[in-house]
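Undergrad: Please work out how this folds:
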Amino acid sequence: MRFTSLINFLRLGDDAEDPQVAMKAIESGVVFRGTNMLILVCAILIASVGLNVNSTAVVIGAMLISPLMGPIMGVGAGLGVLDLRLVRRSLKNIGFAVVVSIGTSALYFLISPLSDAHSEILARTSPSIWDVLIALSGGFAGIIAVTSKDKVRGNVVPGVAIATALMPPLCTAGYGLAHLNWTYFAGALYLFLINSVFISIAALAMVRWLGYPQRFVEDVKLTGKIRRYTTLIVLATVVPSIWLAYRLVVENAFVHKAQEFIAYECTVPENYLLDKSIDAPNRSITLTYLGNGITSADSVKMYQRLALHGIAGADLKIRTGLSLQELDKEQRSKNEGMQRQIDDQNVLVARLGAVRDSLSQVKQQDQALMAEAKAMAPGLRWLVTAELPGASAKDSMKQVVAAHFVNYPDTAEMARIRRWLIVRLNDKHFALAVTADSAKVIKEEEHRRRR
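TA: Numbers count the residues shown, from 1 in each chain. Just a heads-up that it's a prediction; the model follows:
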């Protein structure tokens, strides 16, 4: 008695819409042409841009205007009233919308200069059993809004559109297709499949619950076939989501245990934990330290402590980003290198100084020789000396002396200059080269005569 009263309480009663009006509203949302087609294109572009720039508000806008809910509810309602023509038309339009949505979004992501997968994309690549519950609850809310009076629909339909989120998963699949990321592609399509199947199931259950009249004479065999196929589809959709939910729970538990392990077991004296990384799917923990270095005893101790936190067998990677000892060694090596460079520079400076002093000495010597030579030979214009390289033998030629006169000196003057040079150059073997302006003039006069 109480159960019957509860059932009657849950019925819509006076809020229920006329079945013919409700089914007409459902059928009007099935077809994609005219207004619905234009809205579909706009929703695809808005969702793609929102996912691309990681804007939650823009993605929500695409959810609100997306017309995909209509044909999905049409499948469930058509099965509920045995209107197979409505079911076929709804499935055809869903397939058309899926192809257009994925193709258009893939084309957008191919030409978009932004290629990073932000949180709005990542959130739609790993569905689980919770998405099944959301889709089922949203589907019931949506079909209740359709089968109720208008005073309810205005508040419910936008919320259902946001909760079930049909368009963003299809555009995420387009992103995966554009970048050949099949994990994202499969995950997003699976999320769309979950939402579609359980919205349809909710519509089917609600139409049967409200006792909508059958469009055709009820066929026991057809009803049984629909029930079997529906059960198979539900199971095929739910089972993977349960496994994904289990994996998500396990990974979440590993993250919490790993964080607890790091907080309590990974403090090493004279070392600072510079970075920590937890890879839950691969059960891996990576720690990077800065300090005096991690000894093998510290590493063994941390490995043993994994079991105390329930993550025994996890892959623990311990790295030293830069130890202080290595830093000191590097600094010493750098200082030694700089000192060597300074020493080499000092040697080079000393050599250049010696060369400069030698040149200065030679210049002073030439100036002194020039002064003495001009005093002895007034017709001398200039006199220079040069050491010959490689002259090491005792009797070898060691110097060259070049003297230039106004007039070519006679034999006596040449002999006097040679005796002076022998004394002045300390008996060094030298060669004397003498030139004169008068010889140049004679050559020029001979040249003019020949012409």
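Undergrad: drop to CA atoms for contacts and neighbour counts, all remaining ones
TA: Noted.
Undergrad: where exactly do the strands run in the stretch 251-400 of the chain?
TA: 271-279, 284-291, 315-323, 380-387, 399-405 (DSSP state E, counting those that start in this stretch).
Undergrad: what sits against Thr147?
TA: If you count contacts by Cα atoms under 8 Å, 6 or more residues apart in numbering, Thr147 has them with Ala16, Glu17, Asp18, Pro19, Ala22.
Undergrad: Kindly apply the preceding question to Ser126 instead.
TA: Contacts for Ser126 (Cα under 8 Å, 6+ apart) come out as Gly187, Ala188, Leu191, Leu244.
Undergrad: quick one on the thing from earlier: can you redo the strands of the stretch 251-400 of the chain as JSON lines with mean neighbour count and distance to Ala97?
TA: Converted to JSON lines, those look like this (neighbours: other Cα atoms under 10 Å; distance: least, Cα to Cα, whole Å):
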{"stretch": "strand 271-279", "mean neighbour count": "15", "distance to Ala97": "37"}
{"stretch": "strand 284-291", "mean neighbour count": "19", "distance to Ala97": "41"}
{"stretch": "strand 315-323", "mean neighbour count": "16", "distance to Ala97": "45"}
{"stretch": "strand 380-387", "mean neighbour count": "17", "distance to Ala97": "98"}
{"stretch": "strand 399-405", "mean neighbour count": "17", "distance to Ala97": "102"}
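Undergrad: coming back round to it: give me the buried entries from the contacts of Ser126.
TA: Gly187, Ala188, Leu191, Leu244 (16 or more other Cα atoms under 10 Å).
Undergrad: I figured the second one hits Leu177, correct?
TA: No: using Cα atoms under 8 Å, Ala188 is not in contact with Leu177, being 10.7 Å away.
Undergrad: now Pro168: how far from Val238?
TA: 21 Å (Cα to Cα, to the nearest Å).
Undergrad: Next secondary structure after the helix or strand Ala415 falls within?
TA: Element membership for Ala415 (DSSP states H and E) is helix 411-424. Beyond helix 411-424 in the direction of the C-terminus, DSSP H and E gives the next helix or strand as strand 430-436.
Undergrad: quick one: average confidence on that next one?
TA: For strand 430-436, the mean per-residue pLDDT is 79.
Undergrad: Can you list the helices and strands that it packs against?
TA: Under the contact criterion of 3 or more Cα pairs under 8 Å, 6 or more residues apart in numbering; DSSP states H and E, strand 430-436 touches strand 399-405.
Undergrad: again, only using 10 Å
TA: Packing partners of strand 430-436 (3 or more Cα pairs under 10 Å, 6 or more residues apart in numbering; DSSP states H and E): strand 380-387, strand 399-405, helix 411-424.
Undergrad: Pull the residues that contact it.
TA: Around strand 430-436, the neighbours that count as contacts under Cα atoms under 10 Å, 6 or more residues apart in numbering are 379-381, 383, 385-388, 396-409, 414, 417-418, 421-422.
Undergrad: redo that, cut-off 6 Å
TA: Outside strand 430-436, the residues within contact range by Cα atoms under 6 Å, 6 or more residues apart in numbering are Met397, Lys398, Gln399, Val400, Val401, Ala402, Ala403, His404, Phe405, Val406, Asn407, Tyr408.
Undergrad: and of those, the nearest to Tyr289?
TA: Set against Tyr289, the nearest of these by Cα to Cα is Lys398 (70.4 Å).
Undergrad: per-residue confidence for that closest one?
TA: So Lys398 comes in at 67 (pLDDT).
Undergrad: pLDDT below threshold where in the stretch 1-150 of the chain?
TA: 1-16, 149-150 (pLDDT under 70).
Undergrad: Compare the contacts of Thr147 and tell me which has the most neighbours.
TA: Neighbour tally across the contacts of Thr147 (other Cα atoms under 10 Å): the maximum, 21 neighbours, falls on Ala22.
Undergrad: measure it to Ala312 for me?
TA: Separation of Ala22 from Ala312 (Cα to Cα): 58 Å.
Undergrad: roughly how far apart are the residue nearest the centre of the chain and Met167?
TA: Nearest residue to the geometric centre of the chain (Cα atoms, centre = their mean): Asp116, 7.6 Å. Counting by Cα to Cα, the gap from Asp116 to Met167 is 20 Å.
Undergrad: Please enumerate the helices of the stretch 201-350 of the chain.
TA: 220-265, 296-305, 324-376 (DSSP state H, counting those that start in this stretch).
Undergrad: Next, the buried residues of the shortest one.
TA: By that I understand helix 296-305. Ser299, Met302, Tyr303, Arg305.
Undergrad: farthest pair in these?
TA: Of all pairs in the buried residues of helix 296-305, the most separated under Cα to Cα is Ser299 and Arg305 at 10.0 Å.
Undergrad: any weak-confidence spans in the stretch 301-450 of the chain?
TA: Along the stretch 301-450 of the chain, segments meeting pLDDT under 70 span 321-335, 337, 353-363, 366, 388-398, 427-428, 438-450.
Undergrad: tell me the phi and psi of Pro378?
TA: phi -60, psi -30 (degrees, to the nearest 10).
Undergrad: What number of residues are in the vicinity of it?
TA: Count around Pro378 with other Cα under 10 Å applied: 10.
Undergrad: just use 47 as the starting number from now, easier for me
TA: Sure, I'll start counting at 47 from here, so that last one is Pro424.
Undergrad: List the contacts of Ala448.
TA: Leu429, Val430, Leu478, Ala479.
Undergrad: Let me have these in CSV, extended by distance to Asn139.
TA: Conversion of the contacts of Ala448 to CSV gives the following (distance: Cα to Cα, whole Å):
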residue, distance to Asn139
Leu429, 110
Val430, 107
Leu478, 113
Ala479, 111
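Undergrad: Just to check, Asn317 is in contact with Gly337?
TA: Yes: in this structure, Asn317 is within contact of Gly337 by Cα atoms under 6 Å, at 4.1 Å.
Undergrad: Any idea how many residues pack against the nearest residue to the residue nearest to the centre of the chain once chain neighbours are set aside?
TA: Excluding the flanking residues, the one nearest Asp162 by Cα to Cα, 6 or more residues apart in numbering is Asn98, at 7.7 Å. Per other Cα under 10 Å, the neighbour tally for Asn98 reads 24.
Undergrad: a helix runs through Asn98, doesn't it?
TA: Yes: the assignment for Asn98 is a helix, going by DSSP: H, G, I helix; E, B strand; the rest coil.
Undergrad: roughly how far apart are it and Ile167?
TA: 8 Å.
Undergrad: would a markdown table of the strands of the stretch 297-446 of the chain with distance to Ile388 be doable?
TA: Formatted as a markdown table, the strands of the stretch 297-446 of the chain follow (distance: least, Cα to Cα, whole Å):
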| stretch | distance to Ile388 |
| --- | --- |
| strand 317-325 | 36 |
| strand 330-337 | 32 |
| strand 361-369 | 28 |
| strand 426-433 | 33 |
| strand 445-451 | 37 |
